[in-house]
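Engineer: Kindly generate the corresponding structure for this input.
(chains A and B)
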Amino acid sequence: MITIQNIKKGFSDKSVIDDVSAEFDTGKCNLIIGASGSGKTVLMKCLVGLLIPDEGEISYDGQNFSQMNTDEKKEMRRKIGMLFQGSALFDSMTVEQNILFPLDMFSNKTKAQKQKRVDEVLDRVNLSQAHKKYPAELSGGMKKRVGIARAIVLNPQYLFCDEPNSGLDPQTSLVIDKLIREITTEYNITTIINTHDMNSVMEIGDRILYMYQGKKEWEGTNKEIIFSKNERLNNFIFASEFLKDAKDMRMLEIKGKIDNERNMDDLLK
Amino acid sequence: MNIFTRFGEFILMIKGMFTKPEQGRMYWKELMHQCAELGIGSLGIVSIISLFIGAVSTVQTSYQFVSPIISRTVIAQIVRDSVILEFAPTITCIVLAGVVGSKISSELGNMRITEQIDALEIMGINTKAYLILPKILAALFTIPLLVIIAMTLGIWGGRLVGDITGILPHEIYDRGLQTDFMPYNVTFALTKAYTFAFIITAIPAYFGYNVKGGALEIGRASTTAVVVSCVMILLADYLLAAILL
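Structural biologist: Below you'll find the model as predicted:
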């Protein structure tokens, strides 16, 4: 479990993260959602230690990350895997070399064991034929899958995904979401995902944190989000007319069912 | 950002490079890779420049020495000393500042904006040590060798042109080369080579590593890196000459 308490972060005079506290559960997909510029990426960079928060504490399973020294942080980072928005694959290396890199750097396995592990993770992300390809030869979805394979190759305890669906078509997005969900459950890791893709929210959002102008505006699950009364959240998730119509139809359908069974007010908390 | 802030950042970057490597073998591999990239990769251009510099020096020196009372061997002496003291280390390194400097700056800048450096940091790798230190060490190792090659080819280029054009037969040229040779000049040239090698890798690495923005900023960083490196080479060239000669 990752816990953040009263995180604040600003650049020059501008506050980007303002007093955010939350808990991210193990074995679940924890989503941070919000419009562009709401502070999602800065919060994630604070979580992984790429930025140092001005105030507040970050704990990884009870270990205070904020108070760790450089060596302890380096040690902790080896338990972290991250999928970047642009995949961040090393251009000059093949897919296989990209995935081998963390193994070469941090494990004392034999060459054969490393190769076996690379084959395993590439199989896991359904890319068993891409060993010798360079990142430039891959599609966006394939790059993301290689990014996931590289992130999980050292069996991390924590997985961070920064907008895993950006630039992908809806079908490929679903594949990536499904993969992240499966890996989270399979490895029982704490997964935190930055996204503004509502399909992902509904598909894999076990726990959702909605950010608005650097503040935590709402927290809940994908089952609760659609019924939220938070106006800003509703404006965000129902930004498209299509979704608004879908919501109205769904609300009518749900209302009909609920009226027969229990009080609507219990659900609309 | 003023010059003092930048200088402070530069010093911190250099300080940040010196940590225990996560995996020595990987650092060695990267060092060898950089030696091949910076050293062997620059061999062609260094050879061409040196040959022509030596050739042109012979022709021009010969053109200026028309007095019958001055021995023709002086031409070879002048070519030798000019090539060793100035042309081989300084001109070669100014050219390398463009070739190697822009490469380092744009490579690191691209890695920065495509989050590859962040990806390495997340893995727990000291990116300054892994990405910058091997480049500087590789330059310190290969650039003095390139300068020695440039000296040799420069002097040989002069000899070749002297022979081909008939300006200076190689017997006279060879005699001139052996007259009043000062081995200290080579030591001085190598001192310059080591200094310039540091300048043409560390400065572009600083500008590339700290790029913020996009493709436009990478281009700007490369240009700034090359300009600053060239100015620093000329400044260091003067200071070393003033101090050591």
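Engineer: Chain B against chain A: which residues are in contact?
Structural biologist: B:22-23, B:25-26, B:110, B:114-116, B:118-119, B:121-126 (CB under 8 Å from any CB of the partner chain). Every C-beta, even on glycine, is put in place using the N, C-alpha and C of the backbone.
Engineer: Show me just the buried residues among those residues.
Structural biologist: B:22, B:26, B:110, B:114-116, B:118-119, B:121-126 (16 or more other CB atoms under 10 Å in any protein chain shown).
Engineer: Looking at the residues of chain B next to chain A, which are in strands?
Structural biologist: Secondary structure defined by DSSP state E assigns none of those to strands.
Engineer: Relative to residue A:21, which of the buried ones among the residues of chain B next to chain A is nearest.
Structural biologist: residue B:122 (23.4 Å; CB to CB).
Engineer: distance of the most centrally placed residue in chain B from chain A?
Structural biologist: The centre of chain B sits closest to residue B:93, judged by CA atoms, centre = their mean, with a distance of 2.8 Å. Taking CB to the nearest CB, to the nearest Å as the measure, residue B:93 falls 26 Å from chain A.
Engineer: Could you verify my assumption that that residue touches residue B:143?
Structural biologist: Yes - Residue B:93 is within contact range of residue B:143, at 6.9 Å (criterion: CB atoms under 8 Å).
Engineer: Touching both of these two, which residues are there?
Structural biologist: B:193, B:196, B:197, B:200 (CB atoms under 8 Å, 6 or more residues apart in numbering or on different chains).
Engineer: Can you give me the distance of the last one to residue B:75?
Structural biologist: Yep, that's residue B:200 we're talking about. 32 Å (CB to CB, to the nearest Å).
Engineer: more neighbours, the two?
Structural biologist: residue B:200 (31 against 26; other CB atoms under 10 Å in any protein chain shown).
Engineer: contacting residues around the more buried one?
Structural biologist: Counting by CB under 8 Å, 6+ apart, residue B:200 has contacts B:93, B:96, B:97, B:100, B:101, B:139, B:143, B:229, B:233.
Engineer: of the residues you listed, closest to residue A:235?
Structural biologist: Of the contacts of residue B:200, the one sitting nearest to residue A:235 (CB to CB) turns out to be residue B:101, at 50.0 Å.
Engineer: ranges for the strands of the stretch 1-150 of chain A?
Structural biologist: Ranges of strands in the stretch 1-150 of chain A, per DSSP state E, counting those that start in this stretch, are A:2-11, A:14-24, A:29-33, A:55-60, A:63-64, A:80-83.
Engineer: how about those, which one is nearest residue A:186?
Structural biologist: Among the strands of the stretch 1-150 of chain A, if distance is taken as CB to CB, the winner is strand A:29-33, at 12.5 Å.
Engineer: Any idea how far that closest one is from the middle of the chain?
Structural biologist: 6 Å (CA atoms, centre = their mean, to the nearest Å).
Engineer: Ok, stretch A:25-41 next?
Structural biologist: So, by CA atoms, centre = their mean, the centroid of stretch A:25-41 is 6 Å from its chain's centroid.
Engineer: In it, which residues are buried?
Structural biologist: Applying 16+ other CB under 10 Å to stretch A:25-41 flags A:28, A:29, A:30, A:31, A:32, A:33, A:34, A:35, A:38, A:39, A:40, A:41 as buried.
Engineer: So which residues make contact with it?
Structural biologist: A:1, A:9, A:16-17, A:20, A:24, A:43-44, A:61, A:85, A:162-163, A:180-181, A:184-185, A:188-196, A:200-201, A:204-214, A:217, A:236.
Engineer: The residues you listed: which ones sit near chain B?
Structural biologist: residue A:85.
Engineer: Just the ones of the contacts of stretch A:25-41 in strands?
Structural biologist: A:9, A:16-17, A:20, A:24, A:162, A:190-195, A:207-212, A:217.
Engineer: Compare the shared contacts of residue B:93 and residue B:143 and tell me which is most surrounded.
Structural biologist: residue B:200 (31 neighbours).
Engineer: which one is that residue nearest to, not counting chain neighbours?
Structural biologist: residue B:97 (4.5 Å; CB to CB, 6 or more residues apart in numbering or on different chains).
Engineer: for residue A:126, same thing?
Structural biologist: Closest to residue A:126 by CB to CB, 6+ apart is residue A:145, at 6.9 Å.
Engineer: Next one: that neighbour relative to residue A:91, how far apart?
Structural biologist: 17 Å.
Engineer: For those two, indicate the residue with more neighbours.
Structural biologist: The residue with more neighbours, out of residue A:145 and residue A:91, is residue A:145; 26 against 14, by other CB under 10 Å.
Engineer: What segments of chain B are helices?
Structural biologist: With DSSP state H as the criterion, chain B has helices at B:3-16, B:24-34, B:41-64, B:73-82, B:92-113, B:116-122, B:127, B:133-165, B:170-178, B:183-209, B:215-244.
Engineer: What distance do you get for residue A:210 to residue A:191?
Structural biologist: Residue A:210 is 17 Å from residue A:191, by CB to CB.
Engineer: who's more crowded, the two?
Structural biologist: residue A:191 (29 against 25).
Engineer: so that one bridges to which residues?
Structural biologist: residue A:29, residue A:159 (DSSP bridges).
Engineer: Do a quick rundown of the helices in the stretch 151-269 of chain A.
Structural biologist: A:170-187, A:198-204, A:222-225, A:231-237, A:241-261, A:264-267 (DSSP state H, counting those that start in this stretch).
Engineer: CA atoms only: put the fourth one into PDB for me.
Structural biologist: Put plainly, it is helix A:231-237. Below are the C-alpha coordinates for helix A:231-237, written out as PDB (Å, rounded to 0.1, in the frame of the first residue of the first chain):
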ATOM      1  CA  GLU A 231     -20.400  18.900 -10.100                       C
ATOM      2  CA  ARG A 232     -16.800  19.300 -11.200                       C
ATOM      3  CA  LEU A 233     -16.300  15.500 -11.500                       C
ATOM      4  CA  ASN A 234     -19.500  15.300 -13.500                       C
ATOM      5  CA  ASN A 235     -18.400  18.000 -15.800                       C
ATOM      6  CA  PHE A 236     -15.200  16.100 -16.300                       C
ATOM      7  CA  ILE A 237     -16.600  12.600 -16.900                       C
END
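Engineer: Distance from stretch B:36-49 to the middle of the chain?
Structural biologist: 10 Å.
Engineer: typed the wrong thing, it's stretch B:8-15
Structural biologist: For stretch B:8-15, the distance to the chain centre is 21 Å (CA atoms, centre = their mean).
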